[in-house]
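> Need coordinates for the below:
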Amino acid sequence: SPFDNLITESLSNTNIYEWNIVDFSTSKPTNIVFGTETLGHNINIIAERQYFYYLIKVYLPILIVLLISLSVLFINPVQLESRLTVSVVCFLALIAYTYIIDNDVPKLSYLTIMDYAILISYFFAALPILQSITAYSINEKSEDRSIKFNNNSKIFIPILYLLSVMIMSLIIISSSENVIGAL
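Model (predicted):
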């Protein structure tokens, strides 16, 4: 069409925040005819979201807070106050951070992979609180059992987190054809 060069030039000079224009196509509409001429012009634009921003600026800080929260597993189970202080502060920091990033995340009527990953991170940020209380109460009965429980938690909680995020991602990817292009 005679408009292709003009459209190509316009799209190459266009910067859409958080999106990359991958391709476009033009066509004349077939259903709008005025006399012998077709009116209008269809422009189909294929755009992809710049997802790397969300991984670095949104999800990476959440992972850092979660790692700090899980670091309490390396504190002696007898020191309940220290473990709870770090765990609760990290949990509250995670909640506060999600309110801060709320303006950067698109408002959608459905949950994305990142939304699910953040929800899973909430659960795993709260898990060290429960683990610390359990390890402390086990320690009152048997110090050896408490240390064994704590050592097992050091291994299983991070593995369970990774498996949860991976399984959730695979379920969403397999059920949606639009997600695969973004990954």
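> Please identify the buried residues of stretch 87-105?
Across stretch 87-105, burial judged by 16 or more other CB atoms under 10 Å covers 87-88, 90-91, 93-94, 97-98, 101. (Glycine included, C-beta is placed from N, CA and C.)
> got CSV for the residues you listed, with secondary structure, distance to Ile138 and pLDDT too?
Output for those, formatted as CSV (DSSP: H, G, I helix; E, B strand; the rest coil; distance: CB to CB, whole Å; pLDDT from 0 to 100):
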residue, secondary structure, distance to Ile138, pLDDT
Ser87, helix, 17, 94
Val88, helix, 20, 94
Cys90, helix, 22, 94
Phe91, helix, 22, 93
Ala93, helix, 28, 94
Leu94, helix, 26, 92
Tyr97, helix, 32, 90
Thr98, helix, 32, 87
Ile101, helix, 37, 82
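> between the residues you listed, which is nearest Thr134?
Ser87 (12.4 Å; CB to CB).
> just for this structure, where's the confidence low?
1-4, 28-41, 177-183 (pLDDT under 70).
> Just the buried positions in the longest helix along the chain, please.
Determined from DSSP state H, the single longest helix within the chain is helix 143-175. For helix 143-175, burial by neighbour count (16+ other CB under 10 Å) applies to 146-147, 149-150, 153, 157, 161, 164-165, 168-169, 172.
> counting contacts, what elements does that helix pack onto?
helix 60-70, helix 113-141, helix 177-182 (3 or more CB pairs under 8 Å, 6 or more residues apart in numbering; DSSP states H and E).
> can you list contacts of the first one?
Contact with helix 60-70 is made by 86-87, 90-91, 93-94, 97-98, 117-118, 121, 124-125, 128, 157-158, 161, as judged by CB atoms under 8 Å, 6 or more residues apart in numbering.
> give me that answer again for 7 Å
Applying CB atoms under 7 Å, 6 or more residues apart in numbering, the contact partners of helix 60-70 are 87, 90-91, 93-94, 97, 118, 121, 124-125, 128, 157-158.
> For that helix, buried residues please.
62, 65-66, 68-70.
> That helix relative to helix 143-175, how many degrees between them?
Helix 60-70 and helix 143-175 are oriented at 160 degrees to each other (axes from the mean of the first three to the mean of the last three CA atoms, to 10 degrees).
> between helix 60-70 and helix 113-141, how many degrees?
Using the same axes, to 10 degrees: helix 60-70 against helix 113-141 is 10 degrees.
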